[in-house]
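Novice: The following comprises the amino acid sequence and a computationally predicted model.
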Amino acid sequence: MNARKWITPAAVLLLSLGTAVAQTTSTGTITGPNGQTATRTTTRGDGNVNTTVTGPNGQTATRSVTGRGTGNVNATVTGPNGQTATRSMTRSGGNVNSTVTGPNGQSATRTVTGRGTGNVNSTVTGPNGQTATRSVTGRGTGNVRATATGPKGGTVTRTRTR
């Protein structure tokens with residue numbers, strides 16, 4: 001086999017583009033309970049994901065996520081009214097910390113610990129300082145128990161047994 005015939009200008013161009021060649025775009029339809037439809041277009045490549053949803057009335061909302069695969073992820077969501085919300089997330093040693101900031105500048109935080117251990121705990125703290133927690137035990141065993149506790153102390157427990 002002659003290797004030279006495979007080194008064409010097109011092959012050199014594709015190689016020089018690196019991971020940009022791996023970019024993909026997909027489009028789907030979302031149907032609501034009343035039968036109205038919206039389209040969703042998602043483009044993925046280089047660790048970034050950009051999504052646009054266009055509703056039945058033509059209004060659009062977008063989401064842009066950067067840094068996937070790096071451990072630090074940032075996302076921006078823009079609504080049809082032009083207002084934005086952002087989310088920044090860091091991952092380290094099985095823990096995930098994220099902050100969501102709304103269009104009014106208020107923010108909420110979420111801390112998740114124990115990922116990969118079978119027991120996961122998460123705490124969400126709102127802009128008013130109130131917290132909600134969730135504890136999941138038994139992941140990977142087939143007997144999973146999740147308990148969520150709201151800011152006023154009420155709890156909900158779900159058990160799944162295989």
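Specialist: Thanks, I have it.

Novice: C-alpha only now, for contacts and for neighbours.
Specialist: Fine.

Novice: Val136 versus Val124, what's the distance?
Specialist: 15 Å (Cα to Cα, to the nearest Å).

Novice: Ok, Ser26 next?
Specialist: Applying Cα to Cα, the value for Ser26 to Val136 is 34 Å.

Novice: Tell me which of these two has more neighbours.
Specialist: Neighbour tally, Ser26 and Val136, criterion other Cα atoms under 10 Å: the higher count belongs to Val136, 19 against 10.

Novice: Apart from its neighbours in sequence, what residue is nearest the more buried one?
Specialist: Ala146 (4.3 Å; Cα to Cα, 6 or more residues apart in numbering).

Novice: Confirm for me that the one you found is in contact with Arg134.
Specialist: Yes - using Cα atoms under 8 Å, Ala146 is in contact with Arg134, at 6.9 Å.

Novice: what's the weakest-modelled helix or strand in the protein?
Specialist: helix 9-16 (a mean of 43; mean pLDDT, DSSP states H and E).

Novice: What strands line up against the helix or strand just after that one, and which way round?
Specialist: As assigned by DSSP states H and E, the chain's next helix or strand after helix 9-16 is strand 24-31. According to DSSP bridges, strand 24-31 has the following sheet partners: strand 37-45 (antiparallel).
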